[in-house]
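Colleague: Sharing a model that was predicted from the sequence below.
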Amino acid sequence: EPEVTQTPSHQVTQMGQEVILRCVPISNHLYFYWYRQILGQKVEFLVSFYNNEISEKSEIFDDQFSVERPDGSNFTLKIRSTKLEDSAMYFCASRPGTGGIVGYFGAGTRLSVL
Amino acid sequence: QQQVKQSPQSLIVQKGGISIINCAYENTAFDYFPWYQQFPGKGPALLIAIRPDVSEKKEGRFTISFNKSAKQFSLHIMDSQPGDSATYFCAASKTSGSRLTFGEGTQLTVNP
């Protein structure tokens, strides 16, 4: 079964610190996504990424957030200066080319901002 | 207008029973309606999906019923098994690859 891998599973950080969440999407997939789920709330879309650029972002994805595909296998989400309200479970997902669907999400990284 | 509302929040069903989870959407531009299943410690995984040109789609024990005029869709799990115990999310998007708008999630427990 194909798998989206996320590391770390849990990240604790102090408010104002930078964090980088890492994802290894399914091999040969071309579209990449970040979603988040604040405890007790819905899963929310953050950003989609294709061909080395952001294809869509939500109103949540402000200047504090950035994404990058630094090499052929990793996809990262950086939060430049974390806030308490950034505490959430962050999910990565990927899909194949045009017409493909998002079949799997990663297990998530739980970010705790203290 | 982007919301997807899901109910119930939690559901307890006996083994062999039918589990029914309902979702309603507002945005008529939505054209793709997937259901995801999530087990503890795992990410959501696509279970079944439907487009609004059909009213029902069945895959094994899982069926999506779709009512375009009411802007509602539901997941039916027939002959529910303890292994079906998980959190189920409905979602909607404008295309199969565009951003997903999720429902609140339903925690299903199937008692043996």
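Modeller: Sure thing, it's come through.

Colleague: Write out the residues of chain B neighbouring chain A.
Modeller: Residues of chain B lying close to chain A by C-beta under 8 Å from any C-beta of the partner chain are B:34, B:36, B:41-46, B:49, B:89, B:96-105. Just so you know, the C-beta spots here come from the backbone N, C-alpha and C atoms, and that holds for glycine as well.

Colleague: Mind picking out the helix or strand in chain A with the poorest mean pLDDT?
Modeller: strand A:104-105 (a mean of 87; mean pLDDT, DSSP states H and E).

Colleague: Report how many residues lie close to whatever residue of chain A ends up closest to chain B.
Modeller: Scanning chain A for the residue nearest chain B gives A:Phe105, at 3.4 Å (criterion: C-beta to the nearest C-beta). Around A:Phe105 there are 25 other residues, counting by other C-beta atoms under 10 Å in any protein chain shown.

Colleague: Run a quick check on it versus A:Ala93, I expect a contact.
Modeller: Yes: counting by C-beta atoms under 8 Å, A:Phe105 does reach A:Ala93; the two are 4.6 Å apart.

Colleague: what do these two both touch?
Modeller: Residues touching both A:Phe105 and A:Ala93 comprise A:Val4, A:Tyr35, B:Gly43, with contact defined as C-beta atoms under 8 Å, 6 or more residues apart in numbering or on different chains.

Colleague: which SS class is the closest residue to chain A within chain B?
Modeller: Scanning chain B for the residue nearest chain A gives B:Gly43, at 3.4 Å (criterion: C-beta to the nearest C-beta). Judged by DSSP: H, G, I helix; E, B strand; the rest coil, the three-state class of B:Gly43 is coil.

Colleague: Which residues are in contact with the nearest residue to it once chain neighbours are set aside?
Modeller: Leaving out its chain neighbours, the residue that sits closest to B:Gly43 by C-beta to C-beta, 6 or more residues apart in numbering or on different chains is A:Phe105, at 3.4 Å. Residues near A:Phe105 by C-beta under 8 Å, 6+ apart: A:Val4, A:Tyr35, A:Phe91, A:Cys92, A:Ala93, B:Tyr36, B:Gly43, B:Pro44, B:Ala45.

Colleague: try it again with 10 Å
Modeller: A:4, A:6, A:23, A:33, A:35, A:43, A:91-94, B:36, B:38, B:42-46, B:89, B:100 (C-beta atoms under 10 Å, 6 or more residues apart in numbering or on different chains).

Colleague: Now do whichever strand or helix holds B:Val110: which elements does it pack against?
Modeller: When secondary structure is defined by DSSP states H and E, B:Val110 falls within strand B:106-111. For strand B:106-111, the packing partners by 3 or more C-beta pairs under 10 Å, 6 or more residues apart in numbering or on different chains; DSSP states H and E come out as strand B:10-14, strand B:19-25, strand B:72-77, strand B:86-92.

Colleague: Alright, that wraps it up for me.
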